[in-house]
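Chemist: any chance you can model this:
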Amino acid sequence: MRHADAAPATRDADDFERPLTDAGRISAARAAKLLAVGAPIERVLYSPARRTSETAAIVSDFLQFEKSALQAVPKLYQSTAHLIGAVLAKWQGSARVILVVGHNPGVSDLGGELSPSHAGTILQAAAYWRLPLDDAQWHALTTP
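Modeler: Next up, the predicted model:
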């Protein structure tokens, strides 16, 4: 999942601290309603940037996750698709259904690598893909 809409970057503001906009909060809540349908998410890994933290909090509050299911992972801030796989390998625990809340281009690139139908597609704010992986795909993703 890509984080929801955030305040624009400014020259005198730190990118890491950009908050969600009001519209971003609404779209994160809409996404949470859609995420509630289907296989239940067991773990949420998210970038500790403010906009991703806020997005993950909105989703997890809606889905009533235990705080222990949430993990801020600094390496997810502006990560590549390959690094997201390494984060999943380290932080998955016993979870089989994991939501990663991150940033473009890494999140979009990962979707393109895992599903040819998503190749070249850029996720919009608060958008996500459900990407069921077989054992071979999971192993390829999470093996350095």
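
Chemist: mind listing the strands for the chain?
Modeler: 43-46, 70-72, 98-101 (DSSP state E).

Chemist: need those strands in a markdown table (columns: distance to residue 114).
Modeler: Backbone N, C-alpha and C define where each C-beta goes, glycine included. Shown next, in a markdown table, are those (distance: least, Cβ to Cβ, whole Å):
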| stretch | distance to residue 114 |
| --- | --- |
| strand 43-46 | 16 |
| strand 70-72 | 21 |
| strand 98-101 | 12 |
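
Chemist: ok, residue 35 - how many residues close by?
Modeler: Neighbour count for residue 35, taken as other Cβ atoms under 10 Å: 18.

Chemist: contact partners for residue 104?
Modeler: Applying Cβ atoms under 8 Å, 6 or more residues apart in numbering, we find residue 104 in contact with 2, 122, 123.

Chemist: do you know which of the strands of the chain lies nearest residue 16?
Modeler: strand 70-72 (12.2 Å; Cβ to Cβ).

Chemist: re earlier: between the strands of the chain, which gets nearest to residue 6?
Modeler: Among the strands of the chain, the nearest to residue 6 by Cβ to Cβ is strand 98-101 (12.3 Å).
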